[in-house]
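Visitor: can't give you the sequence, but here's the structure:
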């Protein structure tokens with residue numbers, strides 16, 4: 001008690017200022033308090049992990065975001081232009097206000113024209129109800145919502161550190177993956193706006209981390225609640241919960257058996273069973289249906305304009321969608337789709353001022369994809385297969401699905417960043433493997449150029 005009394009006497013003015021700030025600006029003070037509390041908890045955890053880098057990186061990352069949000073808040077107070085730069089962010093801020101009024105009983109959900117919160121309408125998301133509930137509980141404060149979004153992005157970076165550490169037990173790789181997640185420019189941009197990417201990243205990272213812990217402890221009974229928790233992903237972005245179900249199912253088949261041969265046999269039997277069930281005609285129908293959906297998606301992006309790209313054969317146009325693609329054309333189209341998805345926007349095709357900020361980021365991204373991704377992925381699959389299998393399956397499934405149904409540079413760039421933080425894990429491991437290989441090569445070359453001679457007696 002004496003320590004508390006002495007602290008209160010010495011810092012009474014700070015306590016008074018905090019109380020006045022809390023009464024005048026409750027949203028801002030609450031947001032800052034949440035950030036400080038999170039930093040203190042992570043500092044304690046970093047001490048237990050015997051690694052101060054998670055705490056240091058987290059403080060720098062959240063500090064950068066709070067400064068940007070504070071600058072936007074000041075500019076908004078001066079100019080009145082609003083806290084949102086992107087249209088989707090402005091829409092989310094508006095929808096949170098609508099939910100707040102709905103919870104207060106001022107509006108009704110059946111008023112579709114006034115309250116576009118019914119499933120299927122543009123912008124529908126469970127996050128709107130989450131943000132609206134925060135308004136109802138703590139008062140109207142857009143600053144608080146932005147702080148929560150920024151905090152979600154930083155906590156996702158912390159989970160990337162923990163996932164990397166669980167997989168490879170290498171703290172430098174884990175710190176590098178966390179640092180890339182925190183300071184990649186586009187990831188900062190999404191987190192200081194009220195966009196869904198940080199929430200999706202955090203939720204997906206929690207699911208992957210849970211699966212890795214379950215696989216390590218071999219407590220397979222936890223897979224059922226984990227599968228149930230995949231469902232909310234469909235409310236954050238359509239059909240992603242189905243993809244996550246597929247990721248969990250395939251990863252479980254690969255991890256639960258003690259031998260890879262057993263897993264391969266199970267997959268072969270399941271594939272044969274599905275093929276027999278569908279039959280040749282059913283397989284043909286499903287194949288044609290998938291092609292139609294992919295081609296329709298491509299045509300949709302072309303007709304809406306913008307920075308679209310096309311990976312299907314040139315003979316497919318708005319007025320011509322037949323005949324079907326051949327297996328060779330399907331293979332080429334898939335390779336082009338993944339290539340566009342991973343590499344767009346291309347630095348050598350910067351034609352507008354809006355794309356210029358992406359130039360330095362894309363150069364770093366190209367280096368990581370070309371030189372670090374493959375070595376890191378091969379290392380994980382060879383030495384840490386069971387721990388990393390869900391990560392590799394997740395990247396393969398989601399990259400393939402999103403690449404095939406995307407045809408716009410801006411859409412690909414933004415949606416890819418949900419996966420980017422998970423790509424950083426094999427990239428960081430591959431970077432240290434590449435650095436080790438280069439150091440050995442340079443050391444070998446130095447010995448060849450300057451051979452050591454033994455001292456004569």
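Guide: Arrived safely, thanks for sending. Note that this is a predicted model, so its numbers are computed, not measured. Residues are numbered from 1 along each chain as shown.

Visitor: buried set for stretch 161-172?
Guide: Of the residues in stretch 161-172, 161-168, 171 count as buried by neighbour count, 16 or more other Cβ atoms under 10 Å. Backbone N, C-alpha and C define where each C-beta goes, glycine included.

Visitor: before we move on, what about stretch 257-265?
Guide: residue 263.

Visitor: would you mind pulling the contact partners of it?
Guide: For stretch 257-265, contacts defined as Cβ atoms under 8 Å, 6 or more residues apart in numbering pick out 253-256, 266, 385.

Visitor: closest to residue 209 among the residues you listed?
Guide: Closest to residue 209 out of those is residue 255 (14.6 Å), distances taken as Cβ to Cβ.

Visitor: residue 392 is in contact with that closest one, correct?
Guide: No: shown here, residue 255 and residue 392 do not form a contact pair, counting by Cβ atoms under 8 Å, at 11.5 Å.

Visitor: ok, these two, which is more surrounded?
Guide: residue 255 (23 against 18; other Cβ atoms under 10 Å).

Visitor: give me phi/psi at the nearest residue to residue 65 once chain neighbours are set aside?
Guide: Of all residues not flanking residue 65 in the chain, residue 150 sits nearest, at 3.8 Å (Cβ to Cβ, 6 or more residues apart in numbering). Note on residue 150: its backbone torsions stand at phi -60, psi -40 [degrees, to the nearest 10].

Visitor: so residue 150 is in contact with residue 199, correct?
Guide: No: shown here, residue 150 and residue 199 do not form a contact pair, counting by Cβ under 8 Å, at 11.3 Å.

Visitor: burial count for residue 449?
Guide: Neighbourhood size, residue 449 [other Cβ under 10 Å]: 7.

Visitor: now it: how far from residue 435?
Guide: Here the criterion is Cβ to Cβ, to the nearest Å. By it, residue 449 lies 21 Å from residue 435.

Visitor: do a quick rundown of the helices in the stretch 201-350 of the chain.
Guide: Taking DSSP state H, counting those that start in this stretch as the test, the helices found in the stretch 201-350 of the chain are 223-228, 233-236, 240-255, 260-304, 327-343.

Visitor: what does the stretch 1-150 of the chain give?
Guide: 2-10, 12-24, 26-49, 53-79, 87-103, 126-138, 142-168.

Visitor: wait, which of those helices is closest to residue 445?
Guide: It's helix 142-168; of these, that one is closest to residue 445 (Cβ to Cβ) at 28.3 Å.

Visitor: I'd like the mean pLDDT over that closest one, please.
Guide: Mean per-residue pLDDT for helix 142-168: 95.

Visitor: so that helix versus helix 26-49, what angle?
Guide: 20 degrees (axes from the mean of the first three to the mean of the last three Cα atoms, to 10 degrees).

Visitor: immediately after helix 142-168, which helix or strand?
Guide: helix 171-183 (DSSP states H and E).

Visitor: check which residues of that following helix are buried.
Guide: For helix 171-183, a neighbour-count test (16+ other Cβ under 10 Å) marks 171, 173-182 as buried.

Visitor: next SSE after it?
Guide: Next element after helix 171-183 (DSSP H and E): helix 185-192.

Visitor: quick one, that following helix and helix 142-168 angle?
Guide: Using the same axes, to 10 degrees: helix 185-192 against helix 142-168 is 130 degrees.

Visitor: got the angle for helix 185-192 vs helix 171-183?
Guide: In terms of direction (the same axes, to 10 degrees), helix 185-192 departs from helix 171-183 by 60 degrees.

Visitor: pull out the buried positions in helix 185-192.
Guide: Quick answer for helix 185-192 (16+ other Cβ under 10 Å): 186-192.
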